[in-house]
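Visitor: missing the sequence, but the structure's below:
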């Protein structure tokens, strides 16, 4: 009597692959999420002045300057997403 174990291996492998692919598709949405905007913290003028003075005191080429530049871009994007007018600050 022949064993049928060899015949079922390709089917099991195909089933495992298809299940894996389908479960991966279920976790990723192709639709864009709308209506979810990050909050934007408001800073008063005194705090902004103090921050500007501290940034000016940093050494030339400080890494934090690049990070702050990135933050400014994200802040503008969040304000735009929230429908707030873009302000220079």
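Guide: Okay, I see it. A quick note: this is a predicted structure, and the numbers were derived from the prediction, not measured.
Visitor: residue contacts, residue 38?
Guide: 78, 81 (C-beta atoms under 8 Å, 6 or more residues apart in numbering). Where C-beta positions appear, they are placed from N, C-alpha and C, glycine not excepted.
Visitor: Next one: residue 63 from residue 42, what distance?
Guide: 26 Å (C-beta to C-beta, to the nearest Å).
Visitor: Show me the helices in this protein, by range?
Guide: For the chain, the helices defined by DSSP state H cover 5-27, 45-56, 63-82.
Visitor: In the last one, which of the residues would be classed as buried?
Guide: This points to helix 63-82. 75, 76, 79 (16 or more other C-beta atoms under 10 Å).
Visitor: Out of the helices of the chain, name the one with the poorest average pLDDT.
Guide: Between the helices of the chain, the one with the least mean pLDDT is helix 5-27; it has a mean of 64.
Visitor: check contacts around residue 68.
Guide: Taking C-beta under 8 Å, 6+ apart, one finds residue 55 in contact with residue 68.
Visitor: how near is it to residue 76?
Guide: 13 Å.
Visitor: ditto for residue 37
Guide: 12 Å.
Visitor: before we move on, what about residue 44?
Guide: Taking C-beta to C-beta, one finds residue 44 at 19 Å from residue 76.
Visitor: Next: residue 60.
Guide: In terms of C-beta to C-beta, residue 60 sits 25 Å off from residue 76.
Visitor: Understood, closing this out.
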